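Enquirer: Let me see the structure of the following:
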Amino acid sequence: MNSEIRRREFIQLVAAGGAFCLTGSELLASGAIANAPRLISPGCRRTKVKVAKIFIGNPKGLWPKPDLDFQAEVAFYQAEFAKLKNQLSDVDFVVDELVTTSEQVDALTSKLQGVDGVLIIHLSLETRPILEKILAAGQPTMVFSAPYSGHEWAGFGVLRKQELGAKMDCLLTSDYSQLAVAIRPFRAIHHLKEAKVLDLTTNMNAEYVGKVKEKFGTEIVQVELQRMLDTYESIDNREAQAEADLWTKRATKVIEPPKEEIFKSLKLALAFQKLLEEEEATAMTVDCYGSMYRKLPAFPCIGFTRLNDLGLGGICESDLRSAITHIIFQGLSGRPSFISDPTVDESKNSIILAHCLGSTKMDGPDGPAAPYKIRTIMERQEGAVTQVSMRRGQKVTQAIIVGTDKMVYFTGDIIDVPNLDRGCRTKITVKVDGSVERLWKNWTAGLHRQTCYGDLTKDLERFSKFKAIELVNEAA
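Expert: Next up is the predicted model:
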């Protein structure tokens, strides 16, 4: 199949997509790709998120009023969901039912077993038995309860702390756009189950790989060096040169790397994408400073940037924890994350996050591309990388999964984008929410963290609750 056919198919595929889907015109106009990948939503190649949408009400309930028209209530909510169709374009509501008795839940039990999550819309008083029976199915469950829905909310806090409510969380709000927010943790769960990570290394951590598969369903596959080299050689030099020319043209400046180094880097980038397509995978990592050091035709940095910009995943140094965190962030927000080696500045209550891998599409594949220069790797003074200027004033969340049962994180605001010849090429100074002194004193689990645009605290809390993960704010 030639590239033009793939390009047309891609545009047709995403023409109806929305907030979590790539748009062909944006990516093609940016010059960031030669052939776009087939994605349901950023980071997910195969299937849609499966959600059970259940409206619960009791005709005998007197609140919000005794003659409540449940069909009219359901119609109102369906209209609200229709307004959110772009944000939910990767969601399949495999159950969409009004339930008014606990006995009706029995008929849904088998259908609930295959879903990524359950979204309950609370309509009236005296629905606790229905809610508890749904919770007994053991699936991650979000309860949306608008004002005047009923008095059950008064028991939700206690229920969340009980075994029955271990996988339950709630949104008590009149903001109906939050119906899309309720889906986010289900999306992250789905992305992890669907994800396949390719690791180019000779040092695979088989024990960790097994734990990740058991906990999240994520498949991590070791890639042999020779296969990677063969894939590199299979890339048409004309396509590679065209891609190199586009990245060079988009750069504000090319400083150190010669044209040949940029060409090899973009040829390797196309090889990464081809390998992911062959394996139906969505993330790639390379043991670039370990078992694969100097064994590839180029350093993988621009190739990783390009994968992140496409809504896939490019992860440095065979860091599987960062890969899993990247997938979680992508599922929750539709945006990639920036891997970093931090350094602390207490005088500004800040932490400087630096790496020579910088993604230009930190707002997601549909977002604007940040300006960048093409530089060498700072500490190696070789290779080719993107030095990206991220956005000052942007709220960010930084996190890393520790093992499979704990996640550490903090939030803050980008106050500076340093441009100096110290540390790695791409840098952001983040003023920490809380205390940077507490942050460094609490710091554990190594150096790398993943940074994503936006405050994802609430999303992480819900995801972590559903997956039995201890979430710790290091700066609090």
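
Enquirer: Strand partners (parallel or antiparallel) of the strand or helix carrying residue 220?
Expert: According to DSSP states H and E, residue 220 maps onto strand 219-223. Applying DSSP bridges, strand 219-223 is found paired with strand 196-200 (parallel).

Enquirer: what sits up against the helix or strand where residue 53 lies?
Expert: Using DSSP H and E, residue 53 maps to strand 49-56. Residues outside strand 49-56 that contact it (C-beta atoms under 8 Å, 6 or more residues apart in numbering): 41, 70, 73-74, 77, 81, 90-100, 108, 111-112, 114-124, 127, 130-131, 134, 139, 183, 186-187, 190. The C-beta positions use only the backbone N, C-alpha and C, and glycine is treated the same way.

Enquirer: Pull up the gap between residue 183 and residue 190, please.
Expert: Going from residue 183 to residue 190 by C-beta to C-beta, to the nearest Å gives 10 Å.

Enquirer: what about those two, which has more around it?
Expert: residue 190 (28 against 25; other C-beta atoms under 10 Å).

Enquirer: wait, isn't residue 192 in contact with residue 331?
Expert: Yes. Proximity of residue 192 to residue 331 meets the contact threshold set by C-beta atoms under 8 Å, at 7.0 Å.

Enquirer: Which residue of these two possesses the greater neighbour count?
Expert: Legend: neighbour count by other C-beta under 10 Å for residue 192 and residue 331, higher for residue 331 (27 against 23).

Enquirer: Need the three-state assignment for that one.
Expert: helix (DSSP: H, G, I helix; E, B strand; the rest coil).

Enquirer: quick one: contacts for it?
Expert: Taking C-beta under 8 Å, 6+ apart, we find residue 331 in contact with 43, 44, 184, 187, 188, 189, 190, 191, 192.

Enquirer: which phi and psi does the fifth one have?
Expert: In other words, residue 188. When read as degrees, to the nearest 10, the backbone of residue 188 gives phi -60, psi -40.

Enquirer: Nearest the middle, which residue of this protein would you pick?
Expert: residue 330 (0.9 Å; C-alpha atoms, centre = their mean).

Enquirer: Identify the spatial nearest neighbour of that one, chain neighbours not counted.
Expert: In this structure, residue 330 finds its nearest non-sequential neighbour in residue 43, 3.6 Å apart by C-beta to C-beta, 6 or more residues apart in numbering.

Enquirer: For that neighbour, grab the count of nearby residues.
Expert: Using other C-beta under 10 Å, residue 43 has 29 neighbouring residues.

Enquirer: So it is in contact with residue 197, correct?
Expert: No. Here residue 43 does not reach residue 197: they are 10.9 Å apart, not a contact under C-beta under 8 Å.

Enquirer: List the buried residues in the lengthiest helix in the chain.
Expert: The longest helix of the chain (DSSP state H) is helix 259-279. For helix 259-279, burial by neighbour count (16 or more other C-beta atoms under 10 Å) applies to 261-273, 275-276, 279.

Enquirer: of those residues, closest to residue 209?
Expert: Nearest to residue 209 among these, counting by C-beta to C-beta, is residue 279 at 15.2 Å.

Enquirer: centre of the chain versus the strand holding residue 53, how much separation?
Expert: 22 Å (C-alpha atoms, centre = their mean, to the nearest Å).

Enquirer: Going forward, count from 57.
Expert: Noted, 57 is the first residue going forward, which turns the last one into strand 105-112.

Enquirer: check contacts around residue 325.
Expert: By C-beta under 8 Å, 6+ apart, the contact list for residue 325 reads 299, 358, 359, 362, 363.

Enquirer: cutoff 10 Å now
Expert: Listed by C-beta atoms under 10 Å, 6 or more residues apart in numbering, the contact set of residue 325 reads 89-90, 291, 296, 299-300, 303, 354, 356-363, 366, 370.

Enquirer: Next: residue 216.
Expert: Residue 216 neighbours (C-beta under 10 Å, 6+ apart): 199, 222, 223, 224, 225, 226, 521.

Enquirer: Neighbour-wise, which one of the residues you listed leads?
Expert: Neighbour counts for the contacts of residue 216, by other C-beta under 10 Å, peak at residue 199, which reaches 27 neighbours.

Enquirer: taking the contacts of residue 387 one by one, which sit in helices?
Expert: Using DSSP H, 240, 243, 244, 245, 246, 247, 248 are the members of the contacts of residue 387 that sit in helices.

Enquirer: Return the member of these nearest to residue 311.
Expert: Distance ranking of these against residue 311, using C-beta to C-beta, places residue 247 first at 36.3 Å.

Enquirer: what's the pLDDT at the residue nearest to that closest one when sequence neighbours are not counted?
Expert: Nearest non-adjacent residue to residue 247, counting by C-beta to C-beta, 6+ apart: residue 387, 3.7 Å away. If you check residue 387, the pLDDT there is 97.

Enquirer: and what of residue 86?
Expert: Looking at residue 86, its pLDDT stands at 40.

Enquirer: how distant is stretch 293-308 from the center of its chain?
Expert: 27 Å.

Enquirer: Residue 266 versus the residue nearest to the centre of the chain, what's the distance?
Expert: In this view, residue 386 and residue 266 are 23 Å apart by C-beta to C-beta.

Enquirer: and the closest residue to residue 249 other than its chain neighbours, how far is that from residue 332?
Expert: Of all residues not flanking residue 249 in the chain, residue 273 sits nearest, at 3.8 Å (C-beta to C-beta, 6+ apart). For residue 273, the distance to residue 332 equals 18 Å [C-beta to C-beta].

Enquirer: for the lengthiest strand in the chain, packing partners?
Expert: As assigned by DSSP state E, the longest strand anywhere in the chain is strand 462-472. Where contact means 3 or more C-beta pairs under 10 Å, 6 or more residues apart in numbering; DSSP states H and E, strand 462-472 is packed against helix 376-389, strand 406-411, strand 451-458, strand 482-488, helix 492-498, strand 505-509, helix 513-522, strand 526-529.

Enquirer: can I get the CA coordinates of it in CSV?
Expert: Provided in CSV are the C-alpha atoms of strand 462-472 (Å, rounded to 0.1, in the frame of the first residue of the first chain):
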residue,chain,number,x,y,z
LYS,A,462,2.2,3.6,43.9
MET,A,463,2.4,6.9,42.1
VAL,A,464,4.2,10.0,43.3
TYR,A,465,3.4,13.4,41.8
PHE,A,466,3.3,17.2,42.2
THR,A,467,1.9,20.2,40.3
GLY,A,468,3.2,23.6,39.5
ASP,A,469,3.4,26.4,36.9
ILE,A,470,6.1,27.0,34.3
ILE,A,471,7.7,30.3,35.2
ASP,A,472,10.7,30.2,32.9
